[in-house]
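1. this is the structure alone, sequence omitted:
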């Protein structure tokens, strides 16, 4: 089994920045893909950004491309989401997820609130 845990959420004004972290522990060989999802009140959970170790592929949702950057540490077990120029519509609970062929492991989420 693997566990993932997020940290770094909080309250920020529009235009500000936050960096989220997600640390994987346990069976970390099951973390080829690590991604960030978000869920705003009353809405579904959407993929924001992801990173695949094999091939180094990254993905960004159109709504965050150019403002958010996903990266991994050298040990490959922690993934970061640098969020710049935050907008009120970025307000959501952000979840980290990981797996090899699907997102099998999920964190509990961290709240990001952007005030206007």
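-> On my side now, so go ahead. These numbers were taken from a predicted model, which means no experiment stands behind them.

2. tell me the secondary structure at the spatially most central residue of the chain.
-> A centroid search over the chain (C-alpha atoms, centre = their mean) returns residue 36, at 2.6 Å, as the residue closest to the centre. Following DSSP: H, G, I helix; E, B strand; the rest coil, the label given to residue 36 is strand.

3. how much space separates it from residue 116?
-> From residue 36 across to residue 116, the span is 23 Å (C-beta to C-beta, to the nearest Å). Any C-beta I mention is one placed from the backbone N, CA and C, and that applies to glycine too.

4. again with residue 100
-> 40 Å.

5. repeat for residue 13
-> Distance, residue 13 to residue 116, by C-beta to C-beta: 8 Å.

6. residue 30 too?
-> Applying C-beta to C-beta to residue 30 and residue 116 gives a distance of 40 Å.

7. the more surrounded of those two?
-> residue 30 (16 against 9; other C-beta atoms under 10 Å).

8. which other residues reach stretch 33-40?
-> For stretch 33-40, the external contacting residues (C-beta atoms under 8 Å, 6 or more residues apart in numbering) are 4, 20, 22, 24, 45-53, 59, 70, 72, 79, 81, 89-101, 103, 109, 112.

9. brilliant, that's me finished.
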